[in-house]
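Q: no sequence on this one, just coordinates:
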Ligand code: NAD
């Protein structure tokens with residue numbers, strides 16, 4: 001049984017109930033965490049608020065040392081973090097190693113970037129006696145509300161940047177994947193001053209909402225579904241809070257008319273099926289140029305047929321389970337809706353017979369789909385690849401932009417004219433040309449349209465946690481000509 005982490009101490013808080021955490025590959029219970037209450041969230045905010053007074057005053061160098069130390073400890077406790085992440089989240093070990101690598105590096109990245117926070121002096125009306133300064137200051141307590149698909153990485157993108165900027169943090173991990181977060185604070189963050197980082201486990205209601213509504217939490221950094229993002233926006237609006245919302249997507253993958261069929265099939269399998277398709281930037285709509293469609297579909301089905309389903313902890317596994325039954329049921333509903341409306345299922349389309357336990361679903365390729373089907377219009381968040389054929393590249397771009405989401409988009413081509421047209425005309429926060437889903441520490445990540453308003457990573461990811469203040473200072477106390485009387 002685990003506990004909340006508040007003020008560098010373990011506590012059950014006011015919680016009377018517990019939340020069991022399941023291994024999605026076996027449906028066994030791994031551990032339990034407190035079913036946190038509003039009072040627990042409030043206590044964590046108080047701790048973070050008290051810690052902010054000193055944390056904001058530390059020199060950037062002192063903070064940088066402590067953030068590098070988080071990264072160093074993550075590498076020291078690598079194996080147990082990767083193993084627990086695999087058991088509670090489900091994806092294969094190599095993907096969790098990559099997630100931990102990114103997590104540790106994100107702390108190193110923001111440790112360095114935090115050294116370069118700068119205000120500036122701007123010209124004054126009376127340069128002899130006046131100084132005008134623009135300051136960049138931390139906000140105070142940041143609530144970091146995290147989903148289950150990348151529990152470590154999406155925590156790090158928020159927490160490392162918020163701390164480097166001088167804020168303190170309360171983390172609300174997903175109720176489905178709180179265990180690695182608790183292990184991480186225990187092993188990698190206990191050297192931070194008490195209250196700088198706190199973790200409260202529990203459900204969105206009450207714990208998440210208590211953080212969103214708390215008057216001493218000026219910033220909500222949230223990654224999750226559109227519906228929750230909308231709910232948080234409504235709750236926070238009367239208090240004019242700063243909201244960083246990283247929401248859902250329905251990313252398109254466009255297969256250009258000039259591509260190599262084999263390598264593009266591999267690229268698509270990766271970008272649609274990574275983490276069993278449970279990536280916010282999973283390729284969920286595929287538009288294939290008519291001249292290569294026949295060959296491409298054949299190569300894709302061949303590629304998908306080679307992928308091995310199993311528990312993430314097994315070295316032979318390419319694709320792990322989905323996180324839970326509700327998420328798998330949604331994929332089944334989308335596939336069934338497509339089938340009923342005339343789609344052809346070329347491979348998959350069902351649960352694997354050989355894996356009785358666990359939330360597995362076979363990677364699925366669908367042809368003859370259209371935008372009236374759920375699988376082409378709503379976020380599916382599972383291992384399904386629906387394909388539509390286009391004859392005209394302008395038509396493909398129109399289809400890409402037809403979604404209300406705008407998180408990422410992928411194009412495979414070596415035709416520079418098509419690539420330029422694509423990145424200029426597509427409304428999405430990240431455009432990947434040829435190499436899907438590769439992020440960059442210095443490259444801001446986030447969405448347009450209903451995919452949200454935040455940017456994480458890069459200088460923008462730090463700026464999100466800094467507030468701008470203008471100071472006008474006159475060294476002379478003499479009355480001014482423009483004061484009363486006129
Ligand atoms: P979710 O919205 O159900 O939950 C996310 C977090 O919000 C959890 O910690 C949850 O407990 C909390 N929460 C739920 N209701 C809340 C409320 N009323 N107030 C405050 N907090 C609340 O999302 P999920 O199912 O965990 O994650 C999957 C979704 O996340 C998908 O839609 C996916 O596209 C999105 N996502 C987006 C990005 C991105 O960067 N844009 C990255 C990963 C995942």
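A: It's in. Everything numeric here is computed off the predicted structure, so don't read it as measured data. Numbers count the residues shown, from 1 in each chain.
Q: surely residue 52 meets residue 165?
A: No. Applying Cβ atoms under 8 Å as the test, residue 52 and residue 165 come out as separate, 11.5 Å apart. Any C-beta I mention is one placed from the backbone N, CA and C, and that applies to glycine too.
Q: Which helix or strand contains the residue most central in space within the chain?
A: For the chain, residue 154 is the residue whose C-alpha lies nearest the centre (Cα atoms, centre = their mean; 4.5 Å). Assigned by DSSP states H and E, residue 154 belongs to helix 153-164.
Q: Kindly report the same for residue 62.
A: Taking DSSP H and E as the criterion, residue 62 maps to helix 60-76.
Q: Pull the contacting residues for whatever residue of the stretch 51-200 of the chain ends up closest to the ligand.
A: For the stretch 51-200 of the chain, the nearest residue to the ligand under the criterion Cβ to the nearest ligand atom is residue 147, separated by 3.2 Å. When the contact criterion is Cβ atoms under 8 Å, 6 or more residues apart in numbering, the partners of residue 147 are 154, 174, 223, 224, 225.
Q: Please repeat the previous calculation with a cut-off of 10 Å.
A: When contacts are counted by Cβ atoms under 10 Å, 6 or more residues apart in numbering, residue 147 touches 154-155, 173-174, 176-177, 222-225, 228, 246, 248, 278, 280, 323.
Q: Surely it is in a helix?
A: No. Residue assignment for residue 147, taken from DSSP: H, G, I helix; E, B strand; the rest coil, gives coil, which places it outside any helix.
Q: distance of the closest residue to it other than its chain neighbours from residue 444?
A: Beyond its immediate neighbours in the sequence, the residue positioned closest to residue 147 (Cβ to Cβ, 6 or more residues apart in numbering) is residue 224, lying 4.6 Å away. Here residue 224 is placed at a distance of 19 Å from residue 444 (Cβ to Cβ, to the nearest Å).
Q: neighbour-wise, which of the two wins?
A: Just comparing residue 224 and residue 444: by other Cβ atoms under 10 Å the higher neighbour count belongs to residue 224, 24 against 18.
Q: My read is that that one contacts residue 144, right?
A: No. Contact between residue 224 and residue 144 fails when scored by Cβ atoms under 10 Å: they sit 11.4 Å apart.
Q: Quick check: neighbours shared by those two?
A: Listed as contacting both residue 224 and residue 144 by Cβ under 10 Å, 6+ apart are residue 154.
Q: circling back: run the chain-centre distance for the helix holding residue 154.
A: Distance, stretch centre to chain centre, for helix 153-164: 11 Å (Cα atoms, centre = their mean, to the nearest Å).
Q: For the following helix or strand past that helix, name the packing helices and strands.
A: Downstream of helix 153-164, the next assigned helix or strand under DSSP H and E is strand 168-172. In terms of contact count using 3 or more Cβ pairs under 10 Å, 6 or more residues apart in numbering; DSSP states H and E, strand 168-172 is assigned the packing partners strand 4-6, helix 38-55, strand 141-145, helix 153-164, helix 179-188, strand 197-199, helix 209-213, strand 219-223.
Q: and the ones you listed as CSV, adding distance to the ligand and mean pLDDT?
A: CSV is the format used below for the helices and strands packed on strand 168-172 (distance: least, Cβ to the nearest ligand atom, whole Å; pLDDT from 0 to 100):
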stretch, distance to the ligand, mean pLDDT
strand 4-6, 14, 98
helix 38-55, 10, 98
strand 141-145, 5, 99
helix 153-164, 6, 98
helix 179-188, 10, 98
strand 197-199, 12, 99
helix 209-213, 4, 98
strand 219-223, 5, 98
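Q: Figure out which of those is closest to residue 300.
A: With Cβ to Cβ as the measure, helix 153-164 is the member of the helices and strands packed on strand 168-172 nearest residue 300 (27.7 Å).
Q: which residues are common contacts for residue 52 and residue 165?
A: Residues touching both residue 52 and residue 165 by Cβ under 10 Å, 6+ apart: 138, 139, 142.
Q: Compare the residues you listed and tell me which is most surrounded.
A: Of all those, the highest neighbour tally under other Cβ under 10 Å goes to residue 142, namely 29 neighbours.
Q: OK, contacts around it?
A: When contacts are counted by Cβ under 10 Å, 6+ apart, residue 142 is found next to 48, 52, 158-159, 161-163, 165, 167-171, 211, 217-221, 242, 244, 464-465.
Q: Please apply the same query to residue 113.
A: Contacts of residue 113 (Cβ under 10 Å, 6+ apart): 60, 64, 67, 160-161, 164-165, 441-442, 458-459, 461-463.
Q: hang on, the earlier thing: and the helices and strands packed on strand 168-172: which comes nearest residue 267?
A: Checking the helices and strands packed on strand 168-172 against residue 267 by Cβ to Cβ gives helix 153-164 as the closest, at 21.3 Å.
Q: what's the angle between the closest one and strand 168-172?
A: Computed by axes from the mean of the first three to the mean of the last three Cα atoms, to 10 degrees, the angle separating helix 153-164 from strand 168-172 equals 160 degrees.
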